[in-house]
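Undergrad: What follows is a predicted structure for the sequence shown.
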Amino acid sequence: MKRVLLVAVGGYLLIAVGNRVAEHFGAMRCGCSEDCWCHRRGLSLFRWVFPWGHRSAHSAEVKADLNVP
């Protein structure tokens, strides 16, 4: 059981690092807004492992307009 868990975690990290390298060289690009959590340092590593569910429906400009009282 421990070996299966280690292989799963290792595979997850390998995919994350590989996709991050591909993004660095321009092979992939994230389409979400600049204020998304996935653009934060350290979290961008995991953006490409689970590329769904982190995109906001609103851009940064729309969010700024929504927050105006």
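TA: Sure, I can see it.
Undergrad: Which residues belonging to stretch 35-47 are considered buried?
TA: Residues of stretch 35-47 classed as buried by neighbour count (16 or more other C-beta atoms under 10 Å): C36, C38, S44, F46, R47. For the C-beta atoms, the positions are set from N, CA and C on the backbone; glycine is no exception.
Undergrad: Quick check: the farthest pair among those?
TA: C36 and F46 (12.4 Å; C-beta to C-beta).
Undergrad: Other residues contacting the one helix or strand V7 maps to?
TA: In the assignment (DSSP states H and E), V7 maps to helix 2-24. For helix 2-24, the external contacting residues (C-beta atoms under 8 Å, 6 or more residues apart in numbering) are M28, R29, C30, S44, L45, F46, R47, W48, V49.
Undergrad: So which of the residues you listed belong to strands?
TA: With strands identified by DSSP state E, none of the entries of the contacts of helix 2-24 belong to them.
Undergrad: Just put these in a markdown table and tack on distance to G10 and pLDDT.
TA: Putting those into a markdown table (distance: C-beta to C-beta, whole Å; pLDDT from 0 to 100) gives the following:
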| residue | distance to G10 | pLDDT |
| --- | --- | --- |
| M28 | 21 | 78 |
| R29 | 26 | 76 |
| C30 | 24 | 74 |
| S44 | 20 | 72 |
| L45 | 14 | 70 |
| F46 | 15 | 70 |
| R47 | 19 | 71 |
| W48 | 17 | 67 |
| V49 | 13 | 71 |
